[in-house]
Structures are given as structure tokens and as C-alpha cells.
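S.K.: turn this into a structure:
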Amino acid sequence: MRLHRGEAEAPGWRVERLSEVVRRLRAAAPGAGRPQVIAIDGRGGAGKSTLAERLRAMVPASGVVHTDDIAWHHAYFDWADLLAEHVLRPLHRGEAVEFRPRAWIERDRPGAIRVPAGLDVVWVEGTGIIREALAPWLDASVWIQGDLDEQNRRLVARDGNSAAQREHVAAWLAEELPFMLREQPWHRATIVVAGTSGLRHDPEAEIVISDRHNHFSVD
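M.R.: Reported below is the predicted structural model:
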């Protein structure tokens, strides 16, 4: 598995039922009197949105927040305060969320970031969600580790390979690489999931995880 410098491959990959992963995540999260807030992090093309939807379907009374909606025309990674104040703080009070970021208002983007009250779990997915500044707000977390070549292929299939897109990716990586080296979210995560794996499994009901992610070595 090809990874960026500073991130070693997680050891001990094995197939696990997705329902068991959900159980473990929820057991790690207190969430008394409010939704459990569980983060899903990974690099671009890792499969965060796909996994978030699979997990949401496993817990009917749950919802998903995308950090891309917070970051939209704001900053690649400097959005932790916005997320904490307008999304995570209300969730911790057991309140509904309805937030229109300033960039949405200024650019006439319709709608809002909405989370109804009374949910059991809120899955917050996005690159950079597992970080020290947000640790007090997160009950549990998932890091998705995947091969860079496969993730790049997915990004090209999704977003294209125009000159403008390549420029965007270069600007993104200029911030992502030092951010990830500093935060090392793979060490903080409750569970590490393989975004790309050669292990045979049923993608509808199973997932590939590493139980020993706390034994990472750093190159």
C-alpha cells in the first residue's frame, strides 16, 4: 500500500461485520442525553462519504454532516471553530442544527446544514475532522487508510483531470501534507478501516479493519 511520508500501513488487517464495527464505535461513545458524534476521516478519495452512508444506514436514527459543506469557499482545513460552534456545540446540547455558513450567504448557495434533534448518532465525515482541537467534541472516530494510487484514480474519475483540477489538488496537498503529519489522525482513531484492500469480503455487510492501529510505526 503506497502512503504519504509519515503514515505507515496499519497492521493486522482482517474482515469484520459492519454491524460489529458500529457496535464497537457506539460502545466507545458516551453520548448520554444527546446524539453520539462519530468522526470519519481519510485522505481525498479514501471513501469517506461512501462509508458514512453505509454507517448511517446501519443506524436508522442517524444523520451525516460533511465537513466539505463547512469548508466550502472558506478554507481547506481552517474550519474547526466554525464546525465546533455551529454544529458540534448544538449537538452536545441535544439541539437541532441549522447553519448557513457566511460563504453560503455571500454566494447565494441555497439550503443549510441541517441535523434534526433526537438522533442517536451523527456521523461527521471529512478530511481533517480527527484533530486535537476537535477531540473534546468527538465520541469515537474512524480513519480510512488506502493506497494513494487507487485514491488518486477515484478522484480523477470523480472530479476529472483538467489543468484547473490539477492546480486545485496541488494547492490542497500543500496544506494537507503538513496538517496530517502534525495531527496524525491514524493514531487518534478508534478504528482504522481499509479503504482499499485485497482481502475478499462482502462489501454490503463486511469491512476490512485493523485492530492493532495503535502499534503504527512512523517512517
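
S.K.: rest of the way, CA atoms for contacts and neighbours
M.R.: Noted.

S.K.: low-confidence stretches in this protein?
M.R.: Residue ranges of the chain with pLDDT under 70: 31, 212-219.

S.K.: what are the contacting residues of the longest helix along it?
M.R.: When the chain is parsed with DSSP state H, its longest helix is helix 163-183. Residues from elsewhere that reach helix 163-183, judged by Cα atoms under 8 Å, 6 or more residues apart in numbering: His4, Gly6, Glu7, Tyr76, Phe77, Gly128, Ile130, Arg131, Glu132, Asp159.

S.K.: show me what the helix or strand that it is followed by is packed against.
M.R.: Later in the chain than helix 163-183, the nearest helix or strand by DSSP states H and E is helix 185-188. Judged by 3 or more Cα pairs under 8 Å, 6 or more residues apart in numbering; DSSP states H and E, helix 185-188 is in contact with strand 140-145.

S.K.: what residues sit buried inside the helix or strand following the strand it packs on?
M.R.: Next helix or strand after strand 140-145 toward the C-terminus (DSSP H and E): helix 148-159. Neighbour counts over helix 148-159 (16 or more other Cα atoms under 10 Å) mark Leu148, Glu150, Gln151, Arg154, Leu155 as buried.

S.K.: contacts only, for the nearest residue to the fourth one once chain neighbours are set aside.
M.R.: Computed as Cα to Cα, 6 or more residues apart in numbering, the closest residue to Arg154 that is not its neighbour in sequence is Gly45, at 5.7 Å. When contacts are counted by Cα under 8 Å, 6+ apart, Gly45 touches Gln151, Asn152, Arg154, Leu155.

S.K.: take the residues you listed and lay them out in CSV including distance to Val208.
M.R.: Formatted as CSV, those follow (distance: Cα to Cα, whole Å):
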residue, distance to Val208
Gln151, 16
Asn152, 20
Arg154, 19
Leu155, 21
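
S.K.: tell me the one of those nearest Leu18?
M.R.: Nearest to Leu18 out of those is Gln151 (Cα to Cα; 21.7 Å).

S.K.: does Pro35 touch Arg93 like I think?
M.R.: No. The pair Pro35 and Arg93 does not pass the contact test of Cα atoms under 8 Å, sitting 9.2 Å apart.

S.K.: more neighbours: which of these two?
M.R.: Between Pro35 and Arg93, Pro35 has the larger neighbour count (other Cα atoms under 10 Å), namely 25 against 12.

S.K.: next one: the more buried one relative to Pro110, how far apart?
M.R.: Here Pro35 is placed at a distance of 26 Å from Pro110 (Cα to Cα, to the nearest Å).

S.K.: just Phe99 next, same as before
M.R.: As defined by Cα to Cα, Phe99 lies at a distance of 12 Å from Pro110.

S.K.: the two: who's more crowded?
M.R.: Under the criterion of other Cα under 10 Å, the comparison of Phe99 against Pro110 puts Phe99 first, with 17 against 8.
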